[in-house]
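> give me coordinates for this.
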Amino acid sequence: MTSLDVSDAANYDVIVIGAGIIGISTALRLQQEGKQVLVIDSKGVAAETSAGNAGAFAFADVIPLATPGIMRTAPKWLLDPLGPLSIRPAYAFKIMPWMLHFWRASWQDRYVAALTAQSTLMDFSKDALERQIQRVNGEALIRREGQLQLYEGEAEFTASLAGWQTRKEHGVVFELLDSVDAIAKIQPGIHPRFTHAGFTPEWKNVVHPKVWTEHLADYLHRAGGAMAIDTVQAIDIKTDSVKIQTSSNLYTATKIVVAAGAWSKTLARSLGDSVPLDTERGYNTTLPAGAFELKTHITFSNHGFVVTKAGDGVRVGGAVELGGLSLAPNYQRADILLKKAKAFLPDLNMEGGTQWMGFRPSMPDSLPVISYASQSRRIVYAFGHGHLGLTQSAGTAELVAELINEQTPSIPMNAYGAQRFK
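Residues are numbered from 1 along each chain as shown. From the prediction side, this is the model:
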């Protein structure tokens, strides 16, 4: 989507801050409902996390990261700098408030509530995605190839069964596999150490997350939506409008949406809301075409990474590093994941890859913030989706539109409130 000319004096119905998949999906939905929309982003469409993620609509991932008992096992992960879940030593003090909320979110009462809310949002987003695909003629950009979640041996598989039972209770369709041959029928070339698996046939991916976001942005442009590459410096709530001061302009809108991903925390604080938003830094390597004949999205859940298609190439990535926005990337994490992928997929060609790191905007209970700001209903928040931003983007867009229009939301919204951690 190209930038349109925007005037200092231009008044918009809604200004959306953030041009990632959440911001673009939301802006498109509002524009299609007849609003005059401007998107402001410091770098442009899908210039950050929405460009380099795994491209998955992970509707089967209803279980929050903070599960009961996780704090008994988390320390050994957190102390391994190259493990699937780690904290950068230079960030350990800053992440403590987030970790305390994470610990509380793992208690049984909070976990059950978060699981219910996550499942509700997933169901709504799953249906919303199909509506979005139809509205933007997007079927050619969707891969409906399922997902294979792999386990090494009987013990690891047995330990996963409680999770699969939870998914079943929340409507996830799956098939459990208990032999190397059954796995190979779905995806040849996996090392026989992986003896068991769960296959979720309804799992979907986009052909490439950046291409998908740009496709939506193109529809937004064609519908009359505007785009400004600019940096928001201040937000001023007036009686009948909201003023946004950027590095080069002053914009006016009736309402605004804060959808700036991991960068939303500072904006929310300026509006009176202190939210425990932090970043799950994810790493990946994208290999060129021909690296491996991939038939389905593969998840090595106990190793914290996935192997998936990205355009004509193969993307190997994942893990969670709690390290904020400013520390330099540690690409050893990407190297480790790629080496593991080679061990698990012996035919994988590791040559010619491009490394990447992105900032997943993460809340301690794995639920996003989708709500009004505490100071004004002219401000709507839409951030904190963690690794589920793409998955929940279409659903979030519809819910935000309902909030902007002062309509009763399609699902209960208390679980996603900005003030829920007070």
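
> mind listing what residue 32 touches?
If you count contacts by CB atoms under 8 Å, 6 or more residues apart in numbering, residue 32 has them with 135, 223. Yep, even glycine has a C-beta here, placed from its N, CA and C like the rest.

> so how far does stretch 127-142 reach from one end to the other?
15 Å (CA to CA, to the nearest Å).

> list the contacts of that stretch.
25, 28, 32, 57, 204-207, 211-212, 215-216, 219, 393-395, 397-398.

> filter the residues you listed to the buried ones?
25, 28, 32, 57, 204-207, 212, 215-216, 219, 393-395, 397-398 (16 or more other CB atoms under 10 Å).

> let's see which of these end up in helices.
25, 28, 32, 212, 215-216, 219, 393-395, 397-398 (DSSP state H).

> so where's this protein shaky on pLDDT?
1-10, 73-84 (pLDDT under 70).

> can you list the ones in helices among the buried ones among the contacts of stretch 127-142 in CSV and add distance to residue 362?
Formatted as CSV, these follow (distance: CB to CB, whole Å):
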residue, distance to residue 362
25, 19
28, 25
32, 29
212, 22
215, 26
216, 23
219, 29
393, 16
394, 20
395, 18
397, 20
398, 23
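
> tell me, how many neighbours does residue 224 end up with?
12 (other CB atoms under 10 Å).

> how about it, secondary structure?
coil (DSSP: H, G, I helix; E, B strand; the rest coil).

> isn't it up against residue 36?
Yes. Residue 224 lies in contact with residue 36 (CB atoms under 8 Å); the separation is 7.2 Å.

> now do the buried residues in the longest helix anywhere in the chain.
Across the chain, the helix with the greatest residue count (assigned by DSSP H) is helix 108-135. For helix 108-135, burial by neighbour count (16+ other CB under 10 Å) applies to 110-111, 113-115, 117-126, 128-129, 132-133.

> next one: stretch 216-233
Neighbour-count burial for stretch 216-233, counted by 16+ other CB under 10 Å, picks out 216-221, 225-230, 232.

> all the helices of this protein, residue numbers only.
21-32, 49-52, 70-78, 96-105, 108-135, 153-169, 180-186, 209-222, 264-270, 332-344, 393-404.

> got the angle between the first one and helix 393-404?
This points to helix 21-32. Comparing the axes of helix 21-32 and helix 393-404 via axes from the mean of the first three to the mean of the last three CA atoms, to 10 degrees yields an angle of 50 degrees.

> quick check: angle from helix 21-32 to helix 108-135?
Using the same axes, to 10 degrees: helix 21-32 against helix 108-135 is 50 degrees.

> what is the neighbour count of residue 180?
15.

> wait, it sits on residue 192?
Yes. Counting by CB under 8 Å, residue 180 does reach residue 192; the two are 4.9 Å apart.

> ok, now which ones touch the closest residue to residue 224 other than its chain neighbours?
Among residues not flanking residue 224 along the chain, residue 31 sits closest, at 6.4 Å (CB to CB, 6 or more residues apart in numbering). Contact analysis of residue 31 by CB under 8 Å, 6+ apart lists 37, 220, 223-225.

> just residue 308 next, same as before
54-56, 205, 294, 297-298, 314-315.

> name the residues linked to it by a beta bridge.
Note on residue 308: beta-bridge partners by DSSP bridges are residue 315.

> what about it, distance to residue 344?
Per CB to CB, to the nearest Å, residue 308 is found 14 Å from residue 344.

> again with residue 112
Taking CB to CB, one finds residue 112 at 34 Å from residue 344.

> redo the helices of the chain as CSV? Include distance to residue 359.
Below are the helices of the chain laid out as CSV (distance: least, CB to CB, whole Å):
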stretch, distance to residue 359
helix 21-32, 13
helix 49-52, 6
helix 70-78, 19
helix 96-105, 14
helix 108-135, 21
helix 153-169, 27
helix 180-186, 33
helix 209-222, 14
helix 264-270, 11
helix 332-344, 14
helix 393-404, 16
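
> tell me which of those helices lies nearest to residue 383.
helix 264-270 (3.9 Å; CB to CB).

> how about that closest one: buried residues?
264-265, 267-268.

> can you show me the CA trace of stretch 178-196 as PDB?
Output of stretch 178-196 as PDB, limited to C-alpha atoms (Å, rounded to 0.1, in the frame of the first residue of the first chain):
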ATOM      1  CA  ASP A 178       1.100 -43.400  17.100                       C
ATOM      2  CA  SER A 179       3.500 -44.700  14.500                       C
ATOM      3  CA  VAL A 180       6.400 -43.500  12.300                       C
ATOM      4  CA  ASP A 181       4.500 -44.800   9.200                       C
ATOM      5  CA  ALA A 182       1.400 -42.900  10.000                       C
ATOM      6  CA  ILE A 183       3.400 -39.700  10.400                       C
ATOM      7  CA  ALA A 184       5.300 -40.300   7.100                       C
ATOM      8  CA  LYS A 185       2.000 -40.500   5.200                       C
ATOM      9  CA  ILE A 186       1.300 -36.900   6.100                       C
ATOM     10  CA  GLN A 187       4.900 -35.600   6.000                       C
ATOM     11  CA  PRO A 188       7.800 -37.800   4.700                       C
ATOM     12  CA  GLY A 189      11.400 -37.100   5.700                       C
ATOM     13  CA  ILE A 190      10.900 -36.800   9.500                       C
ATOM     14  CA  HIS A 191      13.500 -38.600  11.700                       C
ATOM     15  CA  PRO A 192      12.100 -41.800  13.200                       C
ATOM     16  CA  ARG A 193      12.900 -40.500  16.700                       C
ATOM     17  CA  PHE A 194       9.500 -38.800  16.400                       C
ATOM     18  CA  THR A 195       7.100 -41.700  17.000                       C
ATOM     19  CA  HIS A 196       3.900 -39.900  17.800                       C
END
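
> fine by me, we can end here.
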